[in-house]
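Engineer: predicted structure and sequence below. I'll ask about it afterward.
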Amino acid sequence: MRGTSKIEWELARDDCFKGMYQTISETQLKKLQEAYLSMLVDFEKECENYGLTFYMVAGTLIGSLRHKGYIPWDDDIDLVMFREEYERLTYLFEESKNFQLISPKNEKSNIFKYTKIQSKFLTYFDVLGEGFSKKKYLYLDMLPIDFVPENNLVRKIKGSLFRLVDLSYSSSRCYKKYTPHLHYLSKYSDELRENLLIRKIVGLPAILIGPRNLYKLMEKFLKSNKKTSKITIAYGVKGYLGEVLDYDVFYPARKYPFEGKEFYGPNRADEYLANRYGDYMTLPPKSEQGERHVRLRDDWEESVER
């Protein structure tokens, strides 16, 4: 079964739904990347004041090693922190002039799994202009790194249990309360309609328990006071078991170039990226060299009524 997001963004490019989405041009993408870089510089300064270290990961780290900056078509920043420092972020940044931390455990209207380091000033409208959201602010993605059991069997059991809970939590996003636009689109797509039905069945336990309550349970499940030689980025694309690495792959942090500046990344960046992506230095086929450069409009409901 294809991912819900992949189906959505495929539909978003259809002329029938152009009124619902706003497309980001090449020029606007450059502006967005510049804005994110400025945010990253400011965030690093604040982290240094508090003795916190973040790491570039995923597409941001690939961009650093392969392009010395952004992957040309990338439109976000991916960061991680070790759990101890990740937890400190919440109260240390309460007085931040530049950023507001948005946590899944406090969010009632949306479902996501990581902290958003959100600008207090920059909306998508401010950066990209007419047609883009005046309500949604730019943010950096921040995920926690957690220690996991040394014992392989115990780790596999824990990882498998986490995957089941994580799947229900993530699928609860597909209920109409959280994504009404998907339910509108599903009227015109059999694949999306079937996808949402399956997701709603899988997400039912999370809805019954309450997504925020389930997220808090997931966090308790992940947190460990015991430092081991193994770590994971459980909320990463490959999940708890797929992201397991040796502790010294990340620590100590090393600086890597990014858009004329330097930021921290894993100690052995090549090993981390090869585990996650395989041959990450080879450019993907031209057909895959692109992001989903569209954003849902604030007034999408009005556009479909017209």
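Structural biologist: On my side now, so go ahead.
Engineer: so for the lowest-mean-pLDDT helix or strand in the chain, what gets flagged as buried?
Structural biologist: Counting by mean pLDDT, DSSP states H and E, the chain has its least confident helix or strand at helix 300-305, which shows a mean of 78. For helix 300-305, a neighbour-count test (16 or more other Cβ atoms under 10 Å) marks residue 300 as buried. Placement of C-beta: from N, CA and C, glycine included.
Engineer: packing partners for it?
Structural biologist: Under the contact criterion of 3 or more Cβ pairs under 8 Å, 6 or more residues apart in numbering; DSSP states H and E, helix 300-305 touches helix 180-185.
Engineer: the helix it packs on: what's the following helix or strand?
Structural biologist: Counting by DSSP states H and E, the element after helix 180-185 in chain order, helix or strand, is helix 190-209.
Engineer: between the helix or strand following that following helix and helix 190-209, how many degrees?
Structural biologist: The first helix or strand that comes after helix 190-209 along the chain, using DSSP H and E, is helix 211-222. On the basis of axes from the mean of the first three to the mean of the last three Cα atoms, to 10 degrees, helix 211-222 is oriented at 80 degrees to helix 190-209.
Engineer: any idea how far residue 27 is from residue 60?
Structural biologist: Residue 27 sits 21 Å away from residue 60, going by Cβ to Cβ, to the nearest Å.
Engineer: those two: which is more packed in?
Structural biologist: Between residue 27 and residue 60, residue 60 has the larger neighbour count (other Cβ atoms under 10 Å), namely 25 against 9.
Engineer: check contacts around that one.
Structural biologist: Residues near residue 60 by Cβ atoms under 8 Å, 6 or more residues apart in numbering: 70, 74, 76-79, 258.
Engineer: returning to what we had before: export the least confident helix or strand of the chain to PDB, keeping only CA atoms.
Structural biologist: What follows is helix 300-305, C-alpha atoms only, in PDB (Å, rounded to 0.1, in the frame of the first residue of the first chain):
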ATOM      1  CA  TRP A 300      -8.900  25.500   0.400                       C
ATOM      2  CA  GLU A 301     -12.500  24.900   1.500                       C
ATOM      3  CA  GLU A 302     -13.600  28.100  -0.200                       C
ATOM      4  CA  SER A 303     -11.800  27.200  -3.400                       C
ATOM      5  CA  VAL A 304     -13.600  23.800  -3.700                       C
ATOM      6  CA  GLU A 305     -17.000  25.500  -3.100                       C
END
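Engineer: ranges for the strands of the stretch 51-200 of the chain?
Structural biologist: 55-56, 78-82, 99-102, 115-123, 137-147 (DSSP state E, counting those that start in this stretch).
Engineer: ok, the longest one: who's next to it in the sheet?
Structural biologist: If I follow you right, that is strand 137-147. Strand 137-147 pairs in its sheet with strand 78-82 (parallel), strand 115-123 (antiparallel), strand 230-232 (antiparallel), by DSSP bridges.
Engineer: do you know which of these lies nearest residue 105?
Structural biologist: With distances scored as Cβ to Cβ, the stretch of those nearest to residue 105 is strand 115-123 (9.6 Å).
Engineer: then that closest one to PDB, C-alphas only?
Structural biologist: Extracted in PDB, the C-alpha atoms of strand 115-123 (Å, rounded to 0.1, in the frame of the first residue of the first chain):
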ATOM      1  CA  THR A 115       9.300  18.900  18.200                       C
ATOM      2  CA  LYS A 116       8.900  21.800  15.800                       C
ATOM      3  CA  ILE A 117      11.400  24.700  16.300                       C
ATOM      4  CA  GLN A 118       9.000  27.300  15.000                       C
ATOM      5  CA  SER A 119       9.700  30.800  14.100                       C
ATOM      6  CA  LYS A 120       7.800  33.500  16.000                       C
ATOM      7  CA  PHE A 121       7.800  35.800  13.000                       C
ATOM      8  CA  LEU A 122       8.100  34.100   9.600                       C
ATOM      9  CA  THR A 123       5.000  32.800   8.000                       C
END
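Engineer: could I get the buried residue list for that strand?
Structural biologist: Using 16+ other Cβ under 10 Å as the test for burial, strand 115-123 gives 115-119, 122.
Engineer: pLDDT score assigned to residue 292?
Structural biologist: For residue 292, the pLDDT comes out at 63.
Engineer: also residue 264?
Structural biologist: 98.
Engineer: so it: helix, strand or coil?
Structural biologist: With DSSP: H, G, I helix; E, B strand; the rest coil as the basis, residue 264 sits in strand.
Engineer: returning to what we had before: mean pLDDT for the strands of the stretch 51-200 of the chain - can I get that in CSV?
Structural biologist: Converted to CSV, the strands of the stretch 51-200 of the chain look like this (pLDDT from 0 to 100):
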stretch, mean pLDDT
strand 55-56, 98
strand 78-82, 97
strand 99-102, 94
strand 115-123, 95
strand 137-147, 97
